[in-house]
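1. for reference, the sequence and a predicted model appear below.
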Amino acid sequence: MTFADVKTYFQANHARFADLAWDDPHQLSLSQKRAISASLQTFQRGEGTGGDHLLALADQLGDADYAAAMRLFIQEEAGHADMLGQFMDRQGIPRLKTHWLHEVFRGLGRPLGLVHMVRVILTAEVVATVYYKALFNATFSGLLQQICRRILLDEEMHLVYHCLAVRQLSPPRNWLSALFWRQFYRGLMAGTALTVYVSYRRPLRAGGFGLGSFCAAIATEYARVEAMQRGTAPLVARGGQPVAAAEPAGAWQWPNPSLRVAR
Ligand SMILES: [Fe+2]
Ligand SMILES: [Fe+2]
């Protein structure tokens, strides 16, 4: 897999963006709204981060395909923010202009260059892969479930793209430095997961994730990401275009087994 492949994928993905049931009249009940609003506001804000600094770093790298893929990735995240924002507008949930968690992540991502920033973004992406599954399970809104499904499928290629970048762009390190940074990013992942759980345990619990199962899901996902970064696992995007007749009912499941596999 190359950055050109990722760019091509993002371009095709953009072209089939998003055939959602915006005419769904379902209104969240008060208790549902109370359970999910705060987390929705935070994740909607986080998806719409912008990415000017990230794009500038990608441009400086001098790889046209990587920079083009980065542009498309940022557009896709902005699309997620837009979908969630439109849903929130319909449900009377106000959009946030800023959030402390978002500011912390912006601050963490900036100082150490492109690869560091990508690894910080990966931390947020891993949390997203579990949060949107919980949200899918927690809501009775068909539209919100469609949005969650669309985001979860998109996030798969985001993980692959960033892992490919970490694999190819990381500077050579001796074992001590590699160990330090591995532990540093694991610590960041653990801290982020705990913060998210403490802040948003209501929607996570409603979606079937207690503290133990949430941490286990994050750990499993992060182990997969680490293996993809190291090259000990193939770069795999799970899921694919769901087939209507085979749509899962109830709790989130991937609509198909791994469809897009690249080494
Ligand atoms: Fe996203
Ligand atoms: Fe993403």
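-> Cool, the structure landed. Ligands and ions are numbered 1, 2, ... in the order given.

2. for the residue of the stretch 51-200 of the chain found nearest ligand 2, what is the enclosing helix or strand?
-> Proximity of the stretch 51-200 of the chain to ligand 2 (C-beta to the ion) peaks at H158, 3.6 Å away. (Each C-beta comes from the backbone N, C-alpha and C, glycine too.) Secondary structure assigned from DSSP states H and E places H158 in helix 142-169.

3. around ligand 2, which positions in the stretch 101-250 of the chain sit nearby?
-> Residues of the stretch 101-250 of the chain that fall close to ligand 2, judged by C-beta under 5 Å from the ion: 125, 155, 158.

4. can you put the residues you listed in JSON lines and add neighbour count, distance to P171 and pLDDT?
-> Supplementary listing: these in JSON lines, determined by neighbours: other C-beta atoms under 10 Å; distance: C-beta to C-beta, whole Å; pLDDT from 0 to 100:
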{"residue": "E125", "neighbour count": "20", "distance to P171": "22", "pLDDT": "96"}
{"residue": "E155", "neighbour count": "20", "distance to P171": "27", "pLDDT": "95"}
{"residue": "H158", "neighbour count": "23", "distance to P171": "23", "pLDDT": "95"}
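
5. just those residues now: which is nearest ligand 1?
-> The closest of these, once distances to ligand 1 are taken by C-beta to the ion, is E155, at 5.7 Å.

6. now do the closest one against A64, distance only.
-> 25 Å (C-beta to C-beta, to the nearest Å).

7. tally up the residues packed near the closest residue to H26 other than its chain neighbours, please.
-> Leaving aside its chain neighbours, H26 sits nearest to S141 (4.9 Å; criterion: C-beta to C-beta, 6 or more residues apart in numbering). When neighbours are defined as other C-beta atoms under 10 Å, S141 has 21 of them.

8. for R95, same thing?
-> Neighbour count of R95, defined by other C-beta under 10 Å: 14.

9. and for the one 3 residues further on?
-> Each residue near T98 was counted by other C-beta under 10 Å, and the total is 9.

10. quick one on the thing from earlier: the helix holding H158: which residues count as buried?
-> Buried residues in helix 142-169, counting neighbours by 16 or more other C-beta atoms under 10 Å, are found at 143-166.

11. and if you look at stretch 185-199?
-> 185, 188-189, 192-193, 196-197.

12. show only the entries of those found in strands.
-> Counting by DSSP state E, no part of the buried residues of stretch 185-199 is found in strands.

13. gap between stretch 164-176 and the chain center?
-> Centroid displacement of stretch 164-176 relative to its chain, using C-alpha atoms, centre = their mean, to the nearest Å, is 22 Å.

14. end to end, how far does that stretch reach?
-> End-to-end span of stretch 164-176 (C-alpha to C-alpha, to the nearest Å): 23 Å.

15. nearest to ligand 1: which residue in this protein?
-> At 3.9 Å from ligand 1, H80 is the closest residue in the chain, using C-beta to the ion.

16. would you confirm that that residue belongs to a strand?
-> No. Counting by DSSP: H, G, I helix; E, B strand; the rest coil, one finds H80 to be helix, located in no strand.

17. point out where the protein drops to low pLDDT.
-> Within the chain, the ranges that satisfy pLDDT under 70 run 15-18, 109, 240-250, 255-263.

18. quick one: the strands in it?
-> Per DSSP E, the chain carries strands over the ranges 235-237, 260-262.

19. for the residues of the stretch 101-250 of the chain next to ligand 2, which one is nearest S29?
-> E155 (27.6 Å; C-beta to C-beta).

20. doesn't A128 make contact with the closest one?
-> Yes. E155 is within contact range of A128, at 5.6 Å (criterion: C-beta atoms under 8 Å).

21. can you name the residues that contact the closest residue to the residue of the stretch 51-200 of the chain closest to ligand 2 other than its chain neighbours?
-> Nearest non-adjacent residue to H158, counting by C-beta to C-beta, 6+ apart: E125, 5.4 Å away. E125 sits next to 155, 158-159, 162 when contact means C-beta atoms under 8 Å, 6 or more residues apart in numbering.
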